[in-house]
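Asks: okay, sequence plus prediction incoming.
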2 protein chains.
Amino acid sequence: MPDRVFNFSPGPAVLPLSVLERAQRELVCLPGYGMSVMEMSHRSECFLEILASTKRLLQELLAIPDNYHVIFLQGGSRLQFSMVPLNLMRGQPQPPDYILTGSWSKMALDEANREGQVNIAWDGKATNYDRLPAGGDLKLNPSASYVYSCSNETIQGVQFQSEPQTGTAPLVCDCSSDFLHRPLPIAKYGLIYACAQKNAGPAGVTAVIIRDDLVARSRDDLHGYLSYKNHVKEDSLFNTPPTFAIYMMKLVLEWLKGEIGGLAKMHECNKAKAKLIYDVIDASGGFYRGHAQPAVRSLMNVTFRLPSEDLEKRFVKEGETRRLDGLKGHRSVGGIRASIYNAMPVEGVEQLAKFMTEFRKGH
Amino acid sequence: MPDRVFNFSPGPAVLPLSVLERAQRELVCLPGYGMSVMEMSHRSECFLEILASTKRLLQELLAIPDNYHVIFLQGGSRLQFSMVPLNLMRGQPQPPDYILTGSWSKMALDEANREGQVNIAWDGKATNYDRLPAGGDLKLNPSASYVYSCSNETIQGVQFQSEPQTGTAPLVCDCSSDFLHRPLPIAKYGLIYACAQKNAGPAGVTAVIIRDDLVARSRDDLHGYLSYKNHVKEDSLFNTPPTFAIYMMKLVLEWLKGEIGGLAKMHECNKAKAKLIYDVIDASGGFYRGHAQPAVRSLMNVTFRLPSEDLEKRFVKEGETRRLDGLKGHRSVGGIRASIYNAMPVEGVEQLAKFMTEFRKGH
């Protein structure tokens, strides 16, 4: 595939080449089934096995304890911003705590506000979300209905290095942009969700991992699709699930397990890839300025500025001529964003690092 | 592709072979873009063009007037069952009218009931939904906030032959299972929705066509993803849309326009295909008994019984040995269901008709 670029898009994002090649081979006809996965009834034996395998692989890779359910939904993080408060706030005696670390957690807060009072446990606004709270910074209510956080803010490029300590209140986490980038201590969470289009598959499917006792909170007066309880009860078949997107997630999980060798190895690889770029930033004598404070730098989204907007534009343009694609940063932070998810090959990161060094010397 | 079966699944369902073959060619690398459609940012120029083309093709094929918006959502019909009342009932002076013609319209009613009082304009329950209301049967409120109907009931195999007359009340229609099977007089509708996995693409995307004045009903206190107004305002980019499913829909629409020659031709073809099977039923001397009354037989889902459940099981099994797949009926009606959507080749229907004739003679 000599014409493939290195795709640094923040999402939808790069997928493993071997996964795409397998999907391509099987696209018209899944061997032995006489039809495409896209054409299969979601209640066919074959698709039920795809669904069960996807779930099993997630359970295995993340060592998900038995008291957690895994479901696959539509609507992306946006719908989760609403489903979380609809299911976990309604009827609870205490409001939830929200930790605001960047654009995504703020959007989640906007939806939670529709359901009632919300406590802000921390807000990084004053420094344009370039840092994360230390343990003592969080103003948590020990009886909060839940504590909401976002593990990795794609736009700002800040990432929790470990779980915030929430005591007995269940930790709810939007892991969309760093899901599966390392092993996760699932037992520390009450609910985790991740839309697939960063690290786990194509856009159109969202994995939700939810602890048993939290499923019980879904009230019967919720609209059908919006109730976690319904999806858990029907094992993701409450309605027709996004069958092809789930199949793609299965292929990505098989790649993680088989070709990569699991999440610990993936984590080593991600640390090494991120180091290549952060090292260039740190050695640039201020030519490249990282947005995130060094202690909370994201392994997934490297955000940085250049000395001028003009140079940033030239950086993006010159990058494209070297087949380095999708480097433009989000308008709220500006500058450059290199998203280096699980599926970004080391070679792509090496070429970016090389380009960054040469570009600095040339300007 | 000698190993492809004829797939009579009610949905997800058969897709045009040429569409699958094109998707296969382009899967790893969309020519000129260096990446898979699945890997593209939804805000990239290339994807924006895919989205715009999909919309344009729908507008063209269905001759959608300028005062209608076209948006692409997730969550399937199930989420539409809720979004319709959430957006169109709340704050309206009068309740809506629901026409109950089978399983799907009944499920839609269950969600509408959560939002307040609903009038039942007609209910086909007494005869197990084998017929549809004639004009005079409908108990409509001329000031209803809307009138809800389902154009084709997949499970029962009954299909409206023309739009119910709703006067000034806006007609809302779940067209999921017969969308694009014929030209539609869009101006008779206030809102149409269709999940793609029957006639328009893979599971995971739902097209919504909504009249301007109805968009204005969405209240600002609705959760973000649940508001039609938000999706219209952001032109389907309120959040990351299901990019690959939209691309697949575009290929299906191109096939409808280019290879088929538009919806009038598709309709002729669908009538001819359905006639092949209904003729065998009618000539079988009662061996095959159609579920739907002849006047409202569906062109998409042909439902029928055999003299015994044992024969029905043998029919399904023998069909499979002839590569006729997915013929088992839904448990609520029993018997056989042959779904013969747009993409089912005439050859598949001919083989089914031949098999039906031979099976009858053999038993």
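Replies: On my side now, so go ahead.

Asks: and A:Met107, how many neighbours?
Replies: Using other CB atoms under 10 Å in any protein chain shown, A:Met107 has 16 neighbouring residues. Placement of C-beta: from N, CA and C, glycine included.

Asks: which elements pack onto the helix ranked longest in chain A?
Replies: Scanning chain A for the longest helix, with DSSP state H as the assignment, gives helix A:263-282. Using 3 or more CB pairs under 8 Å, 6 or more residues apart in numbering or on different chains; DSSP states H and E, the elements in contact with helix A:263-282 are strand A:289-290, strand A:301-305, helix A:346-362.

Asks: give me the helices and strands touching the last one, please.
Replies: On a contact count with 3+ CB pairs under 8 Å, 6+ apart, helix A:346-362 meets strand A:6-7, helix A:263-282, helix A:309-321, strand A:324-325.

Asks: what angle sits between the third one and helix A:346-362?
Replies: If I follow you right, that is helix A:309-321. If you take axes from the mean of the first three to the mean of the last three CA atoms, to 10 degrees, helix A:309-321 sits at 140 degrees to helix A:346-362.

Asks: counting by contacts, list what helix A:309-321 packs against.
Replies: In terms of contacts (3+ CB pairs under 8 Å, 6+ apart), helix A:309-321 is packed against strand A:336-339, helix A:346-362.

Asks: the same query, at a cut-off of 7 Å, please.
Replies: Judged by 3 or more CB pairs under 7 Å, 6 or more residues apart in numbering or on different chains; DSSP states H and E, helix A:309-321 is in contact with helix A:346-362.

Asks: show residues contacting the helix it packs on.
Replies: A:6, A:273, A:276-277, A:280, A:284, A:287-288, A:315, A:318-319, A:322, A:324, A:338, A:340 (CB atoms under 7 Å, 6 or more residues apart in numbering or on different chains).

Asks: that older thread, quick one: the longest helix of chain A to chain centroid distance?
Replies: 17 Å (CA atoms, centre = their mean, to the nearest Å).

Asks: report the buried residues of that helix.
Replies: Neighbour counts over helix A:263-282 (16 or more other CB atoms under 10 Å in any protein chain shown) mark A:Leu263, A:Met266, A:His267, A:Cys269, A:Asn270, A:Lys273, A:Ala274, A:Leu276, A:Ile277, A:Tyr278, A:Val280, A:Ile281 as buried.

Asks: could you export those as TSV, including pLDDT?
Replies: Below are the buried residues of helix A:263-282 laid out as TSV (pLDDT from 0 to 100):
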residue	pLDDT
A:Leu263	98
A:Met266	98
A:His267	98
A:Cys269	98
A:Asn270	98
A:Lys273	98
A:Ala274	98
A:Leu276	98
A:Ile277	98
A:Tyr278	98
A:Val280	98
A:Ile281	98
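
Asks: what residue ranges in the stretch 51-200 of chain A score low on pLDDT?
Replies: Within the stretch 51-200 of chain A, not a single segment meets pLDDT under 70.

Asks: so where do the strands sit in it?
Replies: For the stretch 51-200 of chain A, the strands defined by DSSP state E, counting those that start in this stretch cover A:68-73, A:97-100, A:119-123, A:147-150, A:152-153, A:158-159, A:171-174, A:191-195.

Asks: for chain B, what are the nearby residues on the stretch 201-350 of chain A?
Replies: A:202-204, A:221, A:223-225, A:238-245, A:323, A:325-326 (CB under 7 Å from any CB of the partner chain).

Asks: now with 8 Å, please.
Replies: Contacts of the stretch 201-350 of chain A with chain B, taken as CB under 8 Å from any CB of the partner chain, map to A:202-205, A:221, A:223-226, A:238-245, A:248, A:323, A:325-326.

Asks: from B:Arg4, how far out is A:Pro31?
Replies: To B:Arg4, A:Pro31 is 12 Å away according to CB to CB, to the nearest Å.

Asks: show me which of those two is the more surrounded one.
Replies: Set A:Pro31 next to B:Arg4 and count neighbours by other CB under 10 Å: B:Arg4 wins out with 20 against 8.

Asks: was I right to think that one contacts A:Tyr33?
Replies: No: contact criterion CB atoms under 8 Å: B:Arg4 and A:Tyr33 do not qualify, at 9.5 Å.

Asks: so what pLDDT did the residue in the stretch 251-363 of chain A that chain B sits nearest to get?
Replies: In the stretch 251-363 of chain A, the residue that lies nearest chain B is A:Gly326 (6.2 Å; CB to the nearest CB). A:Gly326 is assigned 96 on the pLDDT scale.

Asks: doesn't A:Pro10 make contact with it?
Replies: Yes: the pair A:Gly326 / A:Pro10 is scored as a contact, 7.4 Å apart, by CB under 8 Å.

Asks: chain neighbours aside, what residue packs nearest to A:Ile71?
Replies: Spatially, and ignoring its direct neighbours in sequence, A:Ile71 is nearest to A:His231 (4.5 Å; CB to CB, 6 or more residues apart in numbering or on different chains).

Asks: in the helix or strand harbouring that neighbour, what's buried?
Replies: Element membership of A:His231, judged by DSSP states H and E, is helix A:228-233. Of the residues in helix A:228-233, those buried by neighbour count under the rule 16+ other CB under 10 Å are A:Tyr228, A:Lys229, A:Asn230, A:His231, A:Val232.

Asks: after that helix comes which helix or strand?
Replies: helix A:243-255.

Asks: and that next one, what does it pack against?
Replies: Counting by 3+ CB pairs under 8 Å, 6+ apart, helix A:243-255 packs on helix A:17-26, helix A:45-61, helix B:243-255.

Asks: now do 7 Å
Replies: If you count contacts as 3+ CB pairs under 7 Å, 6+ apart, helix A:243-255 packs onto helix A:17-26, helix A:45-61.

Asks: tell me the mean pLDDT for it?
Replies: On average, helix A:243-255 scores 98.

Asks: ok, the residue nearest to A:Asn301 when sequence neighbours are not counted - contacts?
Replies: Of all residues not flanking A:Asn301 in the chain, A:Gly157 sits nearest, at 4.4 Å (CB to CB, 6+ apart). A:Gly157 makes contact with A:His291, A:Ala292, A:Arg297, A:Ser298, A:Asn301, A:Val302, A:Thr303, A:Arg337 under the criterion CB under 7 Å, 6+ apart.
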